[in-house]
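**Q** I'd like to go over a predicted model; first the sequence, then the structure.
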Amino acid sequence: MFDSIKKDLIFQYQYGGMTIKLILINIGFFLAIMLFRLVLFIGNAGELPGFYYTIVDGLSLSNEWRYIILRPWTWITHMFMHLGLLHILFNMLYLMWFGRILENLLGPRKIINIYIIAGLCGALFFFGFSKLLYTGEVFAFGASAAVMGIAVAAATMVPDHEMRLLFIGNVKLKFLVLALVLLDLIMIPSMSNSGGHVAHLGGAFMGFLYIKLLYNGIDLGDIKWKPKVKKRPSFKVMVNKEKMMDLKKTKERSLTEQQRIDAVLEKIKEEGYEKLSQEEKDFLFEVSKK
């Protein structure tokens with residue numbers, strides 16, 4: 001049985017897409033922490049030692065500058081860490097629902113881009129506002145901000161795409177995601193998890209911004225910095241005319257492909273993803289893998 005489960009997990013990780021990879025990484029991280037907690041609990045006569053909380057805090061994002069400087073890895077580790085079953089359950093369900101929609105549109109590479117950048121933006125919102133909301137040190141952890149970024153990104157791209165909800169029926173993404181954002185705004189004054197709700201809004205903002213910039217040709221997750229180079233002396237080059245013709249044809253094909261991409265994205269923006277033909281969907285998916 002365990003060997004079969006292992007093979008299924010390996011297969012899903014290798015071929016299930018980036019959304020499934022992120023879900024499995026989060027679950028693996030959660031199980032590792034829970035098993036570590038169980039071992040410490042049993043080995044310490046039914047009590048959790050302070051060492052456990054030291055480890056947990058060391059993987060969470062603090063709102064204190066000195067800990068941010070001493071533990072820079074927490075900018076990343078905090079967005080993969082969950083300590084409650086319901087916390088990880090709902091985050092992974094949202095990630096699966098919205099992540100699959102977005103991955104079909106943009107491909108796997110941009111999913112991880114949005115996840116990380118939205119998570120970092122949520123961390124910045126938490127860090128910036130926590131001093132206004134709390135006295136003393138507090139910690140942030142969980143994938144909620146990153147997942148919120150993916151949800152808003154999906155709703156920004158295909159706002160009229162519908163999801164079927166239990167007891168409710170079909171709901172358009174724009175209304176579903178709007179409800180999630182409003183819920184975070186409403187819950188900030190509750191003070192039970194105000195910093196977390198602010199972080200969710202940071203992730204939502206970045207998800208929206210990422211897609212808007214992407215429509216304008218700017219991919220925040222794929223910015224290439226080109227170093228300045230010294231100007232080389234000019235010299236004559238013997239040109240092979242056949243090679244020049246091949247390069248010209250390649251350039252023309254690239255321009256045609258870009259024009260087609262722009263046309264498909266414009267159609268998504270005006271009519272929604274569901275209005276694309278299967279050929280257009282396949283073309284967008286193939287281009288996203290390049």
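**A** Okay, I see it. Residues are numbered from 1 along each chain as shown.
**Q** Let me see the ranges of the strands in the protein.
**A** 61-62, 139-140, 162-165, 169-172 (DSSP state E).
**Q** residue boundaries of the helices in the stretch 101-250 of the chain?
**A** Assigned by DSSP state H, counting those that start in this stretch, the helices in the stretch 101-250 of the chain fall at 108-133, 144-157, 173-187, 194-215, 241-271.
**Q** Worst mean pLDDT among these?
**A** Of all the helices of the stretch 101-250 of the chain, helix 241-271 carries the lowest average pLDDT, namely a mean of 62.
**Q** Next up, the contacts around the residue minimising distance to the centre of the chain.
**A** In the chain, the centroid-proximal residue (C-alpha atoms, centre = their mean) is Y115; its distance is 1.4 Å. Neighbouring residues of Y115 by C-beta atoms under 8 Å, 6 or more residues apart in numbering: L22, M79, A143, A146, V147, G149, I150. Every residue, glycine included, has its C-beta placed from N, CA and C.
**Q** L176 now?
**A** Applying C-beta under 8 Å, 6+ apart, the residues contacting L176 are A155, M163, L165.
**Q** try A151
**A** Counted by C-beta under 8 Å, 6+ apart, A151 has contacts Y94, F98, V177, L180, A204, G207.
**Q** what's the closest of the helices of the stretch 101-250 of the chain to I69?
**A** Closest to I69 of those is helix 108-133 (C-beta to C-beta; 12.3 Å).
**Q** and the angle from the closest one to helix 144-157?
**A** 120 degrees (axes from the mean of the first three to the mean of the last three C-alpha atoms, to 10 degrees).
**Q** in helix 108-133, what's buried?
**A** In terms of neighbour count (16 or more other C-beta atoms under 10 Å), helix 108-133 has its buried residues at 108-127, 129-130, 133.
**Q** What of stretch 181-194?
**A** V181, D184, M187, I188, N193, S194.
**Q** Look up the closest residue to L102, ignoring the ones flanking it.
**A** With sequence-adjacent residues excluded and distances taken as C-beta to C-beta, 6 or more residues apart in numbering, L102 is closest to A154, at 4.4 Å.
**Q** give me the number of residues near that neighbour?
**A** For A154, the neighbour count with other C-beta atoms under 10 Å is 30.
**Q** these two touch, right, it and I101?
**A** Yes - look at A154 against I101 with C-beta atoms under 8 Å: they come within range, at 4.7 Å.
**Q** Between the two, which contacts overlap?
**A** With C-beta under 8 Å, 6+ apart as the test, A154 and I101 both reach H161, L173.
**Q** Can I get the contacts of A151 in a markdown table including neighbour count and distance to E47?
**A** A markdown table is the format used below for these (neighbours: other C-beta atoms under 10 Å; distance: C-beta to C-beta, whole Å):
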| residue | neighbour count | distance to E47 |
| --- | --- | --- |
| Y94 | 17 | 34 |
| F98 | 27 | 40 |
| V177 | 23 | 42 |
| L180 | 17 | 38 |
| A204 | 27 | 39 |
| G207 | 32 | 41 |
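**Q** for these, which one is nearest S62?
**A** Distance to S62, by C-beta to C-beta, is smallest for A204 among these, at 22.7 Å.
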